[in-house]
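Novice: Generate a structure from the sequence data that follows.
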Amino acid sequence: MDITAITEIKYALDTFFLLISGALVMWMAAGFAMLEAGLVRSKNTTEILTKNFVLFAVACTMFLFVGYNIMYVGNAEGGVFPSFGALIGTQADDASHSLGSDFFFQVVFVATAMSVVSGAVAERMKLSTFLIFAVVLTGFIYPVEGYWTWGGGFLSAAGFSDFAGSGIVHLAGAAAALAGVLLLGARKGKYGKNGEVHPIQGSNMPLATLGTFILWFGWFGFNGGSQLALSSADDATAIGEVFLNTNAAAAAGAIASLITVKLIWGKADLTMILNGALAGLVAITADPASPSPVMSVLIGAIAGVLVIFSILFFDKVKIDDPVGAISVHGVCGILGLLMVPVSNSDATFGAQIYGAVVIFAWVFIASLVVWAILKATMGIRVTEEEELEGMDMHDCGVVAYPEFTSNK
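Specialist: Numbering: from 1, shown residues only. The predicted model follows:
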């Protein structure tokens with residue numbers, strides 16, 4: 001077999017691998033939808049599903065026409081500002097996979113970042129406002145910080161390392177969510193006048209559990225696909241390690257959170273256990289290739305404990321996050337970034353801290369400005385009466401459980 005034929009086979013294998021990985025990550029959109037539908041009250045189920053479905057469509061469209069060009073087209077040699085190219089750019093002569101597969105794999109990451117925002121602002125934000133913000137985040141805010149890192153910008157030049165997006169995707173989504181929650185305020189009845197916290201029970205634990213399993217499954221595409229190639233022995237070996245470590249961290253996160261909640265409350269709080277698994281997945285995402293399996297278990301376990309105390313902290317300071325997204329994706333995203341130098345000698349704590357601060361500051365400040373403009377112009381929160389009635393009737397006119405829905 002000649003060199004040309006071998007090259008074509010490698011190109012086809014790597015392209016196919018990226019497409020399949022992208023499809024797995026797209027399936028995570030269903031995971032977010034099911035998880036959030038299970039953790040909100042029944043009167044808000046249809047609305048949260050609508051948000052998750054439409055935000056995916058918005059992300060795909062905005063990244064196609066705007067975002068991809070900002071993030072990847074026209075490398076400015078490590079600079080702060082990207083240069084712009086034609087729609088979807090051009091195919092490099094030495095590319096290992098097709099341009100279409102690269103775009104598809106990257107666009108589902110954009111949608112993931114926006115999905116993080118959805119759960120944090122659930123049950124009291126206007127659907128129209130949320131979708132307008134999705135246009136800005138997926139078309140501009142995310143691609144800019146993505147260019148700084150994966151696009152060859154100044155964070156990449158500074159040595160910042162983020163294999164699959166603990167910071168670039170998850171921390172960014174959490175920063176945007178935090179900015180929105182601060183301006184939005186808590187749900188009615190969540191906090192008492194004397195500082196007490198009134199838990200608001202989710203409506204469907206089977207859906208929340210199914211959603212977490214789907215996310216866990218899709219994460220193999222999220223992390224494994226970030227190797228970007230399969231056709232060499234080294235790549236195939238690395239992907240095997242990534243799968244092993246990703247799974248180990250998720251399992252350890254779930255077990256650690258179970259033990260923690262049992263010690264604190266004497267109960268096996270399912271919502272905390274689910275978030276523990278997700279916390280482990282987020283933390284290992286920064287570098288699932290370098291750690292040993294034992295180190296991956298340790299990273300996942302630390303994240304599984306940390307996420308519980310983070311959720312409790314945000315409740316204590318009256319920052320209402322119905323699904324714990326800011327803790328899972330933000331706090332544990334930072335943990336993942338800081339763990340990279342422990343097992344990866346090419347990374348430094350200084351560069352990792354620098355990258356985390358820059359990503360958070362950019363996304364948080366830019367999002368805060370956008371949220372503030374939306375709040376001043378069209379409003380971001382429904383009325384108290386509409387919140388009591390439920391977002392399903394207010395925004396969608398269709399309830400998820402017509403025979404059983406209660407406004408309580």
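Novice: Give me the below-cutoff pLDDT ranges for the protein.
Specialist: Scanning the chain for pLDDT under 70 picks out 1, 73-94, 404-408.
Novice: how about 90 then?
Specialist: By pLDDT under 90, the weakly predicted segments of the chain are 1-8, 69, 72-100, 151-152, 192-196, 393-395, 397, 401-408.
Novice: Quick check: longest helix in it by residues?
Specialist: Counting residues, the longest helix found in the chain (DSSP state H) is helix 3-39.
Novice: In it, which residues are buried?
Specialist: 10-11, 13-15, 17-22, 24-26, 28-39 (16 or more other CB atoms under 10 Å). Every residue, glycine included, has its C-beta placed from N, CA and C.
Novice: what do you get for stretch 345-361?
Specialist: So, applying 16+ other CB under 10 Å, buried residues of stretch 345-361: 347-348, 351-352, 354-356, 358-360.
Novice: what number of residues lie near residue 234?
Specialist: 9 (other CB atoms under 10 Å).
Novice: What residues does it make contact with?
Specialist: The contact partners of residue 234, taken as CB atoms under 8 Å, 6 or more residues apart in numbering, number zero.
Novice: State the helix or strand in which it lies.
Specialist: helix 233-265 (DSSP states H and E).
Novice: I'd like the buried residues of stretch 345-361 written out as a markdown table, with secondary structure added.
Specialist: Output for those, formatted as a markdown table (DSSP: H, G, I helix; E, B strand; the rest coil):
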| residue | secondary structure |
| --- | --- |
| 347 | coil |
| 348 | coil |
| 351 | helix |
| 352 | helix |
| 354 | helix |
| 355 | helix |
| 356 | helix |
| 358 | helix |
| 359 | helix |
| 360 | helix |
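Novice: Can you tell me which of the residues you listed is nearest residue 241?
Specialist: residue 347 (16.8 Å; CB to CB).
Novice: Not counting its neighbours along the chain, what's nearest residue 29?
Specialist: residue 56 (4.9 Å; CB to CB, 6 or more residues apart in numbering).
Novice: Against residue 180, how distant is the one you found?
Specialist: 18 Å (CB to CB, to the nearest Å).
Novice: cool, residue 337 as well?
Specialist: From residue 337 to residue 180 the distance is 22 Å (CB to CB).
Novice: which of those two has more neighbours?
Specialist: Between residue 337 and residue 180, residue 337 has the larger neighbour count (other CB under 10 Å), namely 29 against 23.
Novice: Does that one touch residue 170 like I think?
Specialist: No - counting by CB atoms under 8 Å, residue 337 does not reach residue 170; the two are 9.7 Å apart.
Novice: The stretch 201-350 of the chain: strands as residue ranges?
Specialist: With DSSP state E, counting those that start in this stretch as the criterion, the stretch 201-350 of the chain has no strands.
Novice: ok, which stretches of it are helices?
Specialist: Assigned by DSSP state H, counting those that start in this stretch, the stretch 201-350 of the chain shows helices spanning 205-224, 233-265, 270-284, 293-316, 325, 332-343, 349-377.
Novice: Show me what the fifth one is packed against.
Specialist: It stands for helix 325. helix 99-120, helix 172-184 (3 or more CB pairs under 8 Å, 6 or more residues apart in numbering; DSSP states H and E).
Novice: can you redo those helices as a markdown table with distance to residue 229?
Specialist: As requested, the helices and strands packed on helix 325 are exported to a markdown table (distance: least, CB to CB, whole Å):
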| stretch | distance to residue 229 |
| --- | --- |
| helix 99-120 | 11 |
| helix 172-184 | 25 |
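Novice: of all the ones you listed, which lies closest to residue 205?
Specialist: helix 99-120 (15.4 Å).
Novice: Return the residues in contact with residue 167.
Specialist: Residue 167 sits in contact with 149, 160, 286, 333-334, 336-337, 355-356, 359, where contact means CB under 8 Å, 6+ apart.
Novice: quick check, it in a helix?
Specialist: Yes - assessed by three-state DSSP, residue 167 belongs to a helix.
Novice: how close does it sit to residue 379?
Specialist: 32 Å.
Novice: still on that earlier bit, of the buried residues of stretch 345-361, closest to residue 43?
Specialist: residue 360 (33.3 Å).
Novice: For the closest one, which residues are in contact?
Specialist: Counted by CB under 8 Å, 6+ apart, residue 360 has contacts 171, 175, 330, 334.
Novice: Which two of these have the greatest separation?
Specialist: 175 and 334 (10.3 Å).
Novice: Could you report the neighbour count for residue 307?
Specialist: Considering only other CB under 10 Å, residue 307 is surrounded by 30 other residues.
Novice: Help me confirm that it comes into contact with residue 327.
Specialist: Yes - the criterion here is CB under 8 Å, and residue 307 meets it with residue 327 at 5.1 Å.
Novice: shared neighbours, these two?
Specialist: 275, 279.
Novice: From residue 124, how far off is the closest residue to residue 43 other than its chain neighbours?
Specialist: In space, and not counting its chain neighbours, residue 43 is closest to residue 390: 2.8 Å by CB to CB, 6+ apart. Remark: distance between residue 390 and residue 124 (CB to CB) = 11 Å.
Novice: Next: residue 345.
Specialist: With CB to CB as the criterion, residue 345 and residue 124 are 46 Å apart.
Novice: what does residue 70 give?
Specialist: Counting by CB to CB - residue 70 and residue 124 are separated by 31 Å.
Novice: repeat for residue 182
Specialist: Distance from residue 182 to residue 124, by CB to CB: 13 Å.
Novice: So between those two, which is more surrounded?
Specialist: Neighbours around residue 182 and residue 124, counted as other CB under 10 Å, are more numerous at residue 124. The numbers are 23 against 13.
Novice: Hmm, the more buried one is touching residue 381, no?
Specialist: Yes - between residue 124 and residue 381 there is a contact at 5.6 Å, judged by CB under 8 Å.
Novice: what touches both of these two?
Specialist: Joint contacts of residue 124 and residue 381 (CB under 8 Å, 6+ apart) are 184-185, 387.
Novice: for the residues you listed, which one is nearest residue 300?
Specialist: Out of these, the member with the shortest distance to residue 300 (by CB to CB) is residue 184, at 31.1 Å.
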